[in-house]
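Student: got a predicted structure plus its sequence, pasted below:
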Amino acid sequence: MELASKIVNKMISNDSFSKWLGIEIIELSDGFCKLQMKIRDDMTNGFKIAHGGISYSLADSALAFASNSYGFQSLTIESSINYFKKVNSGDILSAVTNEINKTEKIANYSIVVSNQNNEEIACFNGKVHRTKKQWFPEV
């Protein structure tokens with residue numbers, strides 16, 4: 001878990017978008033990540049609900065952090081999302097990863113995005129390519 005934290009801290013230190021989103025890391029371990037963020041007015045669309053890209057981006061960050069946590073750089077090769085409920089300004093969203101399977105080269109994850117009432121608002125599926133490039137080769 002120490003390596004996972006070191007990797008994610010390095011990733012997020014250069015991630016201006018995740019910082020703009022206000023993402024907080026709640027829990028992290030090998031292949032697992034839980035993130036949280038609060039929806040602001042400047043994240044809403046013309047309908048005054050959160051732009052779908054906001055939930056997508058939260059889930060995408062969870063995928064990135066979980067899949068890179070093993071020490072090897074992983075890159076998204078496919079992702080999709082299904083939306084179930086609208087998200088309003090002031091809502092607090094959580095994204096929790098579930099590692100479906102992992103091979104030497106490919107890993108699949110399902111990420112559930114929920115609101116502060118524990119209602120599922122979206123389900124994100126992501127596939128990553130696991131490279132052989134280490135985050136910290138000296139470790």
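Tutor: Thanks, I have it.
Student: correct me if wrong: Lys86 contacts Ile49.
Tutor: Yes: with contacts counted by CB atoms under 8 Å, Lys86 reaches Ile49, the gap being 4.6 Å. Where C-beta positions appear, they are placed from N, C-alpha and C, glycine not excepted.
Student: more crowded one of those two?
Tutor: Set Lys86 next to Ile49 and count neighbours by other CB atoms under 10 Å: Ile49 wins out with 17 against 13.
Student: backbone torsions only: list them for the closest residue to Ile54 other than its chain neighbours.
Tutor: Counting by CB to CB, 6 or more residues apart in numbering, the nearest residue to Ile54 once its immediate chain neighbours are dropped is Met43, at 4.8 Å. For Met43, the backbone dihedrals (degrees, to the nearest 10) come out as phi -100, psi 0.
Student: how many other residues sit next to Met43?
Tutor: Met43 has 21 neighbours, counted by other CB under 10 Å.
Student: Glu120 now?
Tutor: A count of neighbours around Glu120, defined by other CB under 10 Å, yields 13.
Student: tell me the pLDDT at Val139?
Tutor: pLDDT, Val139: 57.
Student: how about Met1?
Tutor: pLDDT recorded at Met1 is 65.
Student: so Leu3 belongs to a strand, correct?
Tutor: No: secondary structure of Leu3, determined by DSSP: H, G, I helix; E, B strand; the rest coil: helix, with no strand assignment.
Student: who are the contact partners of it?
Tutor: By CB atoms under 8 Å, 6 or more residues apart in numbering, the residues touching Leu3 are 69-71, 135-136, 139.
Student: for those residues, which single residue is the most surrounded?
Tutor: Among the contacts of Leu3, Ser69 has the most neighbours (other CB under 10 Å), with 26 neighbours.
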